[in-house]
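S.K.: have a look at this prediction, sequence included:
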Amino acid sequence: MSFNLEIHHLSKSAFAPFGDVIEADPASMRLINGGTTERFHALATADATGDGARVIINLFRGQPRSFPYEISMMERHPFGSQSFSPLSGRPYLVVVSADEGGKPGRPQVFLARGDQGVNYRRNVWHHPLMSLDALSDFLVVDRDGPGNNLEEFFFDEAYIIGAPTP
Ligand SMILES: NC(=O)N[C@@H](O)C(=O)O
Ligand code: NI
């Protein structure tokens, strides 16, 4: 069995082609509330398109994935962005692909810290939530409304991820 996907630490620059990293970036910080609160401003933008579309806020409670793990499919949301912000303080995996002629290319795997969220830009290929180690909660901001906002693609041959090392 070949563990043929490397895991990289999540960074704003590496993730830029796919969306935003939601983290306490000093460059975005402004003091508010009489200096008692740091506002890390406009880290990402929620996008919801189509008549009747709305941005909604959800909680996802994800069961931990076991490894080696087969990446057999990817999905995307053609009508809206989707963000995941960890509430349990645990790392998790983020798996994304560039679009290649309407299909996902070779997945890229990022290990996100427990204080980093991600916002997938609209129509970006990604794997469904991948919690690690224990049941984990995430605040998820995405799009609700008419139309099918889920497109899935199944690979002919699955990619394999070995167990992440912290
Ligand atoms: N289906 C759903 O709401 N979740 C997925 O979109 C996901 O990315 O986890
Ligand atoms: Ni999704």
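M.R.: Great, that's in hand. Ligands and ions are numbered 1, 2, ... in the order given.
S.K.: for the most far-flung residue of the chain relative to its centre, grab phi and psi.
M.R.: Distance to the chain centre peaks in the chain at Gly34, reaching 33.5 Å (criterion: Cα atoms, centre = their mean). Dihedral pair for Gly34: phi 70, psi 30, per degrees, to the nearest 10.
S.K.: now do Glu6
M.R.: phi -80, psi 160.
S.K.: quick check, it in contact with Val109.
M.R.: Yes. Counting by Cβ atoms under 8 Å, Val109 is a contact partner of Glu6 at 6.8 Å. Every residue, glycine included, has its C-beta placed from N, CA and C.
S.K.: next, see if the strand ranked longest in the chain gets close to ligand 1.
M.R.: Secondary structure assigned by DSSP state E gives strand 151-161 as the longest strand of the chain. No. Against ligand 1, strand 151-161 shows no contacts by Cβ under 6 Å from any ligand atom, the least distance being 9.6 Å.
S.K.: helices or strands up against that strand?
M.R.: If you count contacts as 3 or more Cβ pairs under 8 Å, 6 or more residues apart in numbering; DSSP states H and E, strand 151-161 packs onto strand 69-76, strand 103-104.
S.K.: so the last one, near ligand 1 or not?
M.R.: No. Under the criterion of Cβ under 6 Å from any ligand atom, ligand 1 is not reached by strand 103-104; the shortest gap measures 13.2 Å.
S.K.: and that strand, average pLDDT?
M.R.: Averaging pLDDT along strand 103-104 yields 98.
S.K.: so what touches it?
M.R.: With contacts defined as Cβ atoms under 8 Å, 6 or more residues apart in numbering, strand 103-104 is touched by 74, 76, 97-98, 125, 153, 155.
S.K.: filter the residues you listed down to the buried ones, PyMOL style.
M.R.: In PyMOL, a selection of the buried entries from the contacts of strand 103-104 looks like this (16 or more other Cβ atoms under 10 Å):
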select buried, resi 74+76+97+125+155
